[in-house]
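Trainee: No sequence on hand, only this structure:
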């Protein structure tokens, strides 16, 4: 069974640009969660999707958005990038919700210059 | 909002010594999950505890869930260099669709 995949793995952007990150969950998993990981703030929850619906959102500005497609693949978008958005963005999938075991992808390392 | 703190933030041990990390939530948890993240890697699920006072073992790792379901611990007996990494606890934040991660404990093991 293939694991969670994330693309791209590395990204360098400049302030003001926007970025789209992609996540393909494990086959059969319908819940996808996104996290931002930084050395100072740890693992911060961004949002969770299930059956194309956002069920929960963390405390991030509206510049952070996401969506889920009918095949459970998910994307997150960050607009008007700021230096502080530099982080490792992790996607995790689970069968029905993060209440149960989550499988993480390798992450996308975003650097904003 | 819910806060999940872990102590210590960092621990450095000699191989063969024991190690414990403690996890404390500001709210009662329906379950607690533990993850391990190796340097440069991503979090990997270790275990889930559901019942009050539950204890589970995985080889040299012992996990406990507190009676009040607000705290948990992970104990590693006779650490090895393969135990190096950051250990996170995580619990549902009042809803099953959101998981709050603890602040993490970074473990360094030297020979």
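Mentor: Yes, it's here. What you see is a predicted model; the values in this text were computed from it and never measured. Residues are numbered from 1 along each chain as shown, chains lettered A, B, ... in the order given.
Trainee: so who does the nearest residue to residue A:63 once chain neighbours are set aside touch?
Mentor: Leaving aside its sequence neighbours, residue A:63 sits nearest to residue A:79 (C-beta to C-beta, 6 or more residues apart in numbering or on different chains; 4.9 Å). (Glycine included, C-beta is placed from N, CA and C.) Shown in contact with residue A:79 (C-beta atoms under 8 Å, 6 or more residues apart in numbering or on different chains): A:18, A:63, A:65.
Trainee: now residue A:85
Mentor: A:78, A:110, A:112.
Trainee: Looking at the residues you listed, which one is closest to chain B?
Mentor: Proximity of the contacts of residue A:85 to chain B (C-beta to the nearest C-beta) peaks at residue A:110, which lies at 14.8 Å.
Trainee: Setting aside sequence neighbours, what's the nearest residue to the closest one?
Mentor: Leaving aside its chain neighbours, residue A:110 sits nearest to residue A:11 (4.9 Å; criterion: C-beta to C-beta, 6+ apart).
Trainee: Work out for me the element that neighbour sits within.
Mentor: Using DSSP states H and E, the element containing residue A:11 is strand A:10-13.
Trainee: Show me which residues of chain A are close to chain B?
Mentor: Proximity of chain A to chain B is confined to A:31, A:33, A:35, A:42-45, A:48, A:50, A:55-56, A:58-59, A:90, A:92, A:97-107 under the rule C-beta under 8 Å from any C-beta of the partner chain.
Trainee: Narrow these to just the buried residues.
Mentor: A:31, A:33, A:35, A:42-45, A:48, A:50, A:55-56, A:58, A:90, A:92, A:97-100, A:102-107 (16 or more other C-beta atoms under 10 Å in any protein chain shown).
Trainee: For residue B:57, name its beta-bridge partners.
Mentor: With DSSP bridges as the criterion, residue B:57 is bridged to residue B:62.
Trainee: Geometric centre of chain B: which residue is closest?
Mentor: Residue closest to the average C-alpha location in chain B (C-alpha atoms, centre = their mean): residue B:89, at 4.1 Å.
Trainee: swap that for chain A, sorry
Mentor: residue A:34 (3.4 Å).
Trainee: I figured that residue hits residue A:54, correct?
Mentor: No - taking contacts as C-beta atoms under 8 Å, residue A:34 lies outside contact range of residue A:54: 10.3 Å.
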